[in-house]
Each structure stands twice: as C-alpha cells, then as structure tokens.
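the following block contains a protein sequence and its predicted model.
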Amino acid sequence: MVKNSKDFMKRWQLDYKVKIQFDFKHHAVANHKTPFFKLKNALVSFRFYSFAILYYSLIISWFMKRKYLLVTLFVIVGIVGFAGVQYLPTSENEGVSVTLDSVSTRRDLRRSFFDKREILVVYGAKDPNLQQLYQKLLEELSKQELTRSRRSVKVSFKSVAEVDQEIFKTSIVYLVGAVNENPFIKKYMANTPFQISETDITIGTKSIPNNNSILGVCFYPSPLDSKLPFAYLTGTDAKEVFELFADKVAERGQSFYRQNLEYEVYEQKERLVMGDFNTRWGIEGSTFFDFATGTRVLLDTEEFKFIDHQKAIDTADVTKKLREVKAAKAKVVNFVGNGNVPKITYNFYTCTEEKGLMTGNTDHSTFDPATNAVHTIVNNIYAHNNIGRDNALVLYNLIGESSKTIFNVGLPIYFTDTWQMKGYKYWAARLVESENTYTVAELLDNSFLEMESSLIRDCMASTFTDFLVKTWGKDRYLIQYKNISLSDAEIKRLNVKWQQYLEELPKAHPKIQKQAKTLPYLKGFNFAHEGYSIYNGYGSQKATESLLKQKNMGSNAMAIA
C-alpha cells in the first residue's frame, strides 16, 4: 500500500522503468530488421510515452497540490528520456560505442551504401598491359544496369592518375592494385589495422607470411568521411591482385565487392585468414580465423594433387583415396570416350564451417573450373556419401556444359553408387512411392527445376539420366547432351516410357524396413538461423555450442526453423 506521495513516486519510477525496459527490448528484438519497423517502433514508443506522461501526471496531481504539477511533469520527462537512452536497441552483433558522434557503426556504412548503390573503382597499375586489362574488365562491368538484387550496384571506374583525395568525401570508393602501385592504398592503409610488406601481412597485433598473398577489406570508414564506406583489394604482386579481382567480377558481377567476413587474406585465390572488426574498427579477436597453418600437400602427381586442411585425412589414407579418385575418373572417361583431363587438385576439409569460411560454400562437395579443383568435406558424417562433384569437373573438361540443368546435374551423379548413402535409385523409388516425381516436360524445364528442392531435383536428374542411357543408348545421349531438341510429340511419347520405368523402381529397390523407435516425452527448442555469417550459422561451432547448452538444460529435441 502506498503511504504518501514520495512512496508513490518511488513505486511508480520502479514500475515504469521496468515497463520502459520491456517495451524497448521487445521492439528491438522483434522489429529491428527493417527501416519501416524502426520508424514504427519510434512512433509506438512516442505514443506510449506521451500517454504515460499525461496519465501519470493526472494521477500524481490527485495526490499532490497543483503547484507541484510542473515539477512532476519535469521529473517524468527526465525518467522517460533516461530510460529511452538506456534501452535504445543496438545494431546486431555489437555494442553501441560511447562516442557515437566520432565512431561510425556498421549500420552507418550500410545505410550510406544502400542509399547510393554506386561504387567507384579506382585501379592502380604501372604495367600498360595490366592497365588495359583493368580498363576492359571495368568498362564491361560499368555497362551493366542495376538489377532488383539489393547487392547489385552501379559501377564506375577511373585510374588512380585521374582522381584526387576529394573523391573520398562524396563516393563509395573501391581501391584495387598492388600496394606500391595505388598510392591511395598505401596512404590510407595506415588508418586501418593492416600493413603489408614483401615478407609479411600485419593484422592488428598478428603477423602472417606474405606468400604473394592478397588482402581484401570491405567495408571500412572512409578516411575523409567516416559515414561513407570504402574498400580495397591489394597485395605486393600486381598480377595476382588483378587475377583475383577478375575472378570476383566473373563470379559475382556487380556484387564483386562482397566478402564472407570484413577482411580476408587470400593465397593462390584461397581464403586462409579472415575476420571481422570490433566496434572501434580494430580486430575482433572472437572472429579471427587463421588457416594459414595446418595446410599440407599430401600428393602431387601428373594427374592429381591432394591438399589437406587441418588434418582432414591421414597420410595412411592417401593411397586408398588415390585409388578412389582414379577409378571415378576412369569411369567417366570410358563413358565419354575422351581422356584429355587437366590435372585435378583435391582440397579436403574437416567440417562445414572450415570449408565454408575458406571457400564461401558450405556444401559437402563443390568444384571450381577456374582452378580445376574439387573441395570436399571429409569426416564421419559424409564418409559414405558420394555426390559426384569430382565427376562434374571431369565432365566439364571433357564435354562442357549442357543447356539443360537436368543433364548437368544428372550425369555426374549417374556414375556414383552411394549418393546420399543408399544410392540415387533407392531414393528415387521412395519418391515414386510418395508420388513426388517429375514429368519429362518438367525435367527439361530449367525454370521449373530452379524452384524445386535440390535433393529431389538431383535424385530425379540422375534417375532420368539412367533412363535415357537405357532408352536411347550412350551415343544418342551424348549427342543430345549439349543441346537437346525434342518436339512436343516426342516428349509425350518419352514420358510414357519414363512413367513405366519409374513404376518398376520400388520393386527393384524395396524400402529397407526398420523398427519404429518409441519416442520419449519431447522437450526442445526452435533452433532458428539467427547468424548472418558462416561462423555463426547452422554449421558453425557456435551452433554446436548452442545445441550443447540446450542439451545441458534437459532438451532432447530440436526443431529447425
């Protein structure tokens, strides 16, 4: 019970402060993602506090004399202002700096970037041939129009001789070139936590060897306007820098500037060191990843090269692995009838996070035609799962790509026996039983397949390949591979045979019967993908730590959102 006005004020301040704290935290968590919700939160909070001031003023004035009403209003406004500042929502994954006016935040840089959606590329090169290569590459890129993608930007370009430092006050600048051939990089790198010499690259207090390595930074506060971002790609070898830049443009087009983390160090076009900045734009220790050590070459022959990362495979297993890749290659070559395949480099990784951080792709296995390399995770989870990406690389070299997705996806898996452990025919039989198969018309429709589940698509593609090889024969299949041409009548006739083929699969590959387990009382969480990067997403160490915490809390189930 409130005994007097002073007790009432103390009680009210406590209750009201809790309400303000809850209100701000609720809106920060639920609606922090878009500018619309930021505006909505501000309006909701304004209406709430305006009403609260009036409401509680009337109540307090009931207990107090009228002459204290103005004082009461002043106190309430002070409480509201204090609470509002104290519980203002912060940007994701960082705390708000004490000196907001002097230190730009990631949100400031993102806002400037999305407001402009324009990047000025300033290249520096002393070699006239390299200058021409930059100009040709950037001229083609600058002609591309903006797309609907939020990451798409309009690109303009100039050589370093055509600009002065004033551009950093008005433009989002991307600097590219060797550190000694682009003066702006050499000048403004001093304001960042990085230094590059012929022998080392310094990252904060850490130093790594410079083996013709390349440093990419995106985004950092511009030296002349800290609310604008700038980025750079540099190293000590001018040719290596250009080749990596050209690869980024070829792979990502107008999104060439994007990186997995805010700074990355490449060696032979492979990410080895990477991380994020802290709120003061220094190096954040918790997100520093160094894969520069722990990489070793286990095999180097005329046909194959094996690169092991962080002891993914034992030296004793190299001979067995070599037999496997030789047999797989021979199977494809014998089918196609042409054996001219360049040397293939196999990269082996221990886990999803490691492969994702180093290559930018968390899939079990991928191939890169630019480097003629295969990147594969090797651990107990994937021990008996062959998805055929090395076959895809061999086929790419032998017969190129088909105009139809179904051929590009299906033929590499056709040569495997353990796709998703049990093989593609076993899983195709399960799709037949559940009535989840595709017609021939759907299989030949690239747009349709783009919208479908990759698991179902891959299973159907490899099964369809087996059907076509049996129906047409290998020679006709290879003739049709590049540009298949079938009339509507041919598609209808082929579909009749295809449906007959599918009907036989459950008989030839019956479902393995298993005794259903009795489930206990389930206690679990909804495990949502709250991370925006590979290091805090589903396949990360942080995700594993979260699951272990849930288990320690008594959880025995999990739902993935």
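Done, it's in.

contacting residues around Lys158?
Neighbouring residues of Lys158 by C-beta atoms under 8 Å, 6 or more residues apart in numbering: Leu120, Val121, Val122, Tyr123. Yep, even glycine has a C-beta here, placed from its N, CA and C like the rest.

and it, that's in a strand?
Yes. Counting by DSSP: H, G, I helix; E, B strand; the rest coil, Lys158 is found in a strand.

for it, report the pLDDT, please.
Per-residue pLDDT puts Lys158 at 97.

use 368 as the first number from now on
All set: I'll call the first residue 368, so the last point we hit is now Lys525.

can you get me a residue count around the closest residue to Asp667 other than its chain neighbours?
Of all residues beyond its chain neighbours, the one nearest Asp667 is Phe673 (7.7 Å), with distances taken as C-beta to C-beta, 6 or more residues apart in numbering. Counted by other C-beta atoms under 10 Å, the residues lying close to Phe673 total 20.

can you name the residues in contact with whichever strand or helix holds Phe673?
If you go by DSSP states H and E, Phe673 is part of strand 671-676. For strand 671-676, contacts defined as C-beta under 8 Å, 6+ apart pick out 658, 661-667, 680, 685, 688-689, 692-693, 710-717, 721, 725.

picking up where we left off before, quickly list what the residue nearest to Asp667 is bridged to.
Leu666, Tyr713 (DSSP bridges).

and the gap between it and Phe782?
Noted for Phe673: a distance of 21 Å to Phe782, by C-beta to C-beta, to the nearest Å.

follow-up on the earlier one: buried ones in the helix or strand just after the strand holding Phe673, by neighbour count?
Sequence-wise, the next helix or strand downstream of strand 671-676 (DSSP H and E) is helix 685-703. The neighbour-count check on helix 685-703 (16 or more other C-beta atoms under 10 Å) flags Lys688, Leu689, Val692, Ala695, Lys696, Val699, Val700, Phe702, Val703 as buried.

ok, residues contacting helix 685-703?
Among residues not part of helix 685-703, those counted as contacts by C-beta under 8 Å, 6+ apart are 665-666, 670-671, 673, 680, 706, 708, 711, 713, 757-758, 761-762, 765-766, 782, 841, 845.

just for the protein, where's the confidence low?
368-469, 896-899 (pLDDT under 70).

what are the ranges of the strands in the stretch 768-917 of the chain?
891-894 (DSSP state E, counting those that start in this stretch).

now the helices: where do they sit in it?
Here the stretch 768-917 of the chain has its helices, by DSSP state H, counting those that start in this stretch, at 772-781, 791-800, 807-810, 813-817, 821-839, 841-848, 855-875, 908-919.

which strands or helices does the last one pack on?
What that stands for is helix 908-919. Judged by 3 or more C-beta pairs under 8 Å, 6 or more residues apart in numbering; DSSP states H and E, the packing partners of helix 908-919 are strand 891-894.

how does the chain divide into domains?
When the chain is parsed with automatic domain parsing, its domains come out as 372-453, 473-657, 661-766, 768-880, 891-927.

now Ile851: how far from Ile744?
33 Å.

the more surrounded of the two?
Between Ile851 and Ile744, Ile744 has the larger neighbour count (other C-beta under 10 Å), namely 24 against 15.

phi first, then psi, for the more buried one.
Phi and psi for Ile744, reported as degrees, to the nearest 10, are phi -80, psi 130.

where's it relative to Ala828, distance?
22 Å.

what does Lys878 give?
Distance from Lys878 to Ala828, by C-beta to C-beta: 22 Å.

tell me how far stretch 596-605 lies from the chain's centre.
21 Å (C-alpha atoms, centre = their mean, to the nearest Å).

now that stretch: buried residues?
For stretch 596-605, by 16+ other C-beta under 10 Å, it's Pro596, Phe597, Ala598, Tyr599, Leu600, Thr601, Gly602, Thr603, Asp604, Ala605.

would you check which pair of those lies furthest apart?
Pro596 and Asp604 (25.9 Å; C-beta to C-beta).

give me the phi and psi for Gly544.
Taking degrees, to the nearest 10 as the convention, Gly544 sits at phi 140, psi 170.

just checking, it touches Val608?
Yes. Contact criterion C-beta atoms under 8 Å: Gly544 and Val608 qualify, at 6.2 Å.

list the contacts of Cys826.
With C-beta under 8 Å, 6+ apart, Cys826 has these contacts: Trp786, Gln787, Tyr791, Trp794, Ala795, Leu798.

count of neighbours near the fifth one?
By other C-beta under 10 Å, the residues close to Ala795 number 25.

which residues sit in contact with it?
When contacts are counted by C-beta under 8 Å, 6+ apart, Ala795 touches Thr804, Cys826, Met827, Ser829, Thr830, Leu869, Leu872, His876.

repeat that with 6 Å
Ala795 sits next to Cys826, Thr830, Leu872 when contact means C-beta atoms under 6 Å, 6 or more residues apart in numbering.

now do the second one
Residues touching Gln787, when contacts are defined by C-beta under 6 Å, 6+ apart, comprise Trp794.

rerun that using 10 Å as the cut-off
Residues in contact with Gln787 (C-beta atoms under 10 Å, 6 or more residues apart in numbering) are His751, Asn752, Asn753, Ile754, Ile780, Tyr793, Trp794, Leu822, Asp825, Cys826.

tell me how far it lies from Leu798.
12 Å.

what touches both of these two?
In contact with both Gln787 and Leu798: Leu822, Cys826, using C-beta under 10 Å, 6+ apart.

wait, Lys710 sits on Val761?
No. Taking contacts as C-beta atoms under 10 Å, Lys710 lies outside contact range of Val761: 11.8 Å.

out of those two, which sits in the busier spot?
With neighbours defined as other C-beta under 10 Å, Lys710 and Val761 compare such that Val761 has more, 27 against 12.

what's the angle between the helix or strand harbouring that one and helix 841-848?
Element membership for Val761 (DSSP H and E) is helix 756-766. Helix 756-766 and helix 841-848 are oriented at 80 degrees to each other (axes from the mean of the first three to the mean of the last three C-alpha atoms, to 10 degrees).
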